[in-house]
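A.B. asks: just need the structure, nothing else, for what follows:
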Amino acid sequence: MKKLVETLKNIWAIEELRNKIIVTLALVLTYRLGTQITLPGIDPNKIEAAQHAAKSNGLLGIFDMFAGGAFSQASVLAL
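C.D. replies: From the prediction side, this is the model:
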């Protein structure tokens, strides 16, 4: 465990790696926040019906899984 902490300290000490880690975390955070924004004009009842249909249809369920649930929520970033 001590070696892991020391490795993380060394990684954080290098400015280029620190910047890349911060940018990556910012992009992931932006994506996760963007998946919570639902498209305007979408009926929530139809989204729920589509979720039930996606569970019965394997392909849509797999696509939704890889999209992080953005497809079933009809989010802006699912486009």
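A.B. asks: how much space separates residue 65 from residue 59?
C.D. replies: Using CB to CB, to the nearest Å, we find residue 65 at a distance of 11 Å from residue 59. C-beta: built from backbone N, CA, C; applies to glycine.
A.B. asks: who's more crowded, those two?
C.D. replies: Using other CB atoms under 10 Å, the more surrounded residue of residue 65 and residue 59 is residue 65, with 12 against 8.
A.B. asks: helix or strand for the more buried one, which one?
C.D. replies: helix 58-66 (DSSP states H and E).
A.B. asks: so which elements touch that helix?
C.D. replies: Identification of packing neighbours for helix 58-66 by 3 or more CB pairs under 8 Å, 6 or more residues apart in numbering; DSSP states H and E yields helix 44-56, helix 70-73.
A.B. asks: packing partners of the longest helix belonging to the chain?
C.D. replies: Ordering each helix of the chain by length in residues (DSSP state H) puts helix 15-34 first. With contacts taken as 3+ CB pairs under 8 Å, 6+ apart, helix 15-34 sits against helix 2-13.
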